[in-house]
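Trainee: Fold the following and give me the result.
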Amino acid sequence: NKEEINMGDDTKKMEFIPLYFKDKLHIVNKYGNIAVITLWSKIDYIERKIKDAGIDLNLESSSIAVIGNLYGNGLKQMLRNLLYNPQITDLVVFGMDRSGSYEDLKNFFDYGVERRESFGIKSNKIIKRERMLDELIESSLFKSPPNLISAVILSVITKDLI
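Mentor: Sure thing, here's the model as predicted:
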């Protein structure tokens with residue numbers, strides 16, 4: 001069961017609980033509603049940029065729940081983490097896109113997936129992209145899809161970002 005806390009005004013906040021890559025995510029405020037996706041950039045580098053911009057990263061007051069990247073074809077695990085944590089209302093994308101991950105994510109929420117089957121294996125293909133996901137992940141599972149906010153997307157390789 002997901003943990004909830006009473007915030008004093010009878011509103012309840014859900015705790016961010018990662019199902020996948022817990023050791024690779026930086027949880028800021030487990031009761032926040034924003035996830036920062038660094039794409040292929042290092043989490044610590046993007047976190048420094050966020051701090052330098054004066055954005056609150058306090059574990060008790062930040063709106064940011066988690067910061068993570070998409071290393072190792074992590075899109076499907078990220079989507080599962082989001083499904084399990086519907087309190088994440090906004091995804092802020094801030095980093096370098098080396099593999100088209102941003103477009104995959106954007107098209108997943110904008111257009112959905114189409115069913116495919118090859119050699120008896122069922123899967124879903126993100127519409128207008130080549131990215132394949134397993135058959136259990138579809139955009140229609142999100143009752144309230146998160147808002148996708150592209151803060152900074154870089155495509156030029158910068159040594160300190162990777």
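Trainee: From here on, just use CA atoms for contacts and neighbour counts.
Mentor: Will do.
Trainee: pLDDT score assigned to the nearest residue to Lys24 once chain neighbours are set aside?
Mentor: Nearest in space to Lys24, with sequence neighbours left out and distances taken as CA to CA, 6 or more residues apart in numbering, is Gly68 at 7.1 Å. pLDDT recorded at Gly68 is 95.
Trainee: quick one: contacts for Gly68?
Mentor: 24-26, 35-39, 43 (CA atoms under 8 Å, 6 or more residues apart in numbering).
Trainee: Swap in 6 Å and give it another go.
Mentor: 25, 37-38 (CA atoms under 6 Å, 6 or more residues apart in numbering).
Trainee: Reformat those residues as a markdown table; add distance to Lys122 and secondary structure.
Mentor: Below are the contacts of Gly68 laid out as a markdown table (distance: CA to CA, whole Å; DSSP: H, G, I helix; E, B strand; the rest coil):
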| residue | distance to Lys122 | secondary structure |
| --- | --- | --- |
| Leu25 | 29 | coil |
| Ile37 | 28 | strand |
| Thr38 | 30 | strand |
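Trainee: quick one: which of those residues is nearest to Glu47?
Mentor: Proximity of the contacts of Gly68 to Glu47 (CA to CA) peaks at Thr38, which lies at 9.2 Å.
Trainee: shaky segments in the chain?
Mentor: Under the criterion pLDDT under 70, the flagged ranges of the chain are 1-12, 152-162.
Trainee: Please repeat the previous calculation with a cut-off of 50.
Mentor: Across the chain, the ranges flagged by pLDDT under 50 are 5-11, 157, 161-162.
Trainee: any idea which element Leu83 lies in?
Mentor: If you go by DSSP states H and E, Leu83 is part of helix 75-84.
Trainee: could I have that helix exported to PDB, CA atoms only?
Mentor: Output in PDB follows, covering the C-alpha atoms of helix 75-84 (Å, rounded to 0.1, in the frame of the first residue of the first chain):
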ATOM      1  CA  LEU A  75      11.800   4.500 -20.500                       C
ATOM      2  CA  LYS A  76       9.600   1.500 -19.700                       C
ATOM      3  CA  GLN A  77      10.700   1.400 -16.100                       C
ATOM      4  CA  MET A  78      10.200   5.200 -15.700                       C
ATOM      5  CA  LEU A  79       6.600   4.800 -17.200                       C
ATOM      6  CA  ARG A  80       5.900   2.000 -14.700                       C
ATOM      7  CA  ASN A  81       7.200   4.200 -11.800                       C
ATOM      8  CA  LEU A  82       4.900   6.900 -13.000                       C
ATOM      9  CA  LEU A  83       1.900   4.600 -13.200                       C
ATOM     10  CA  TYR A  84       2.600   3.500  -9.600                       C
END
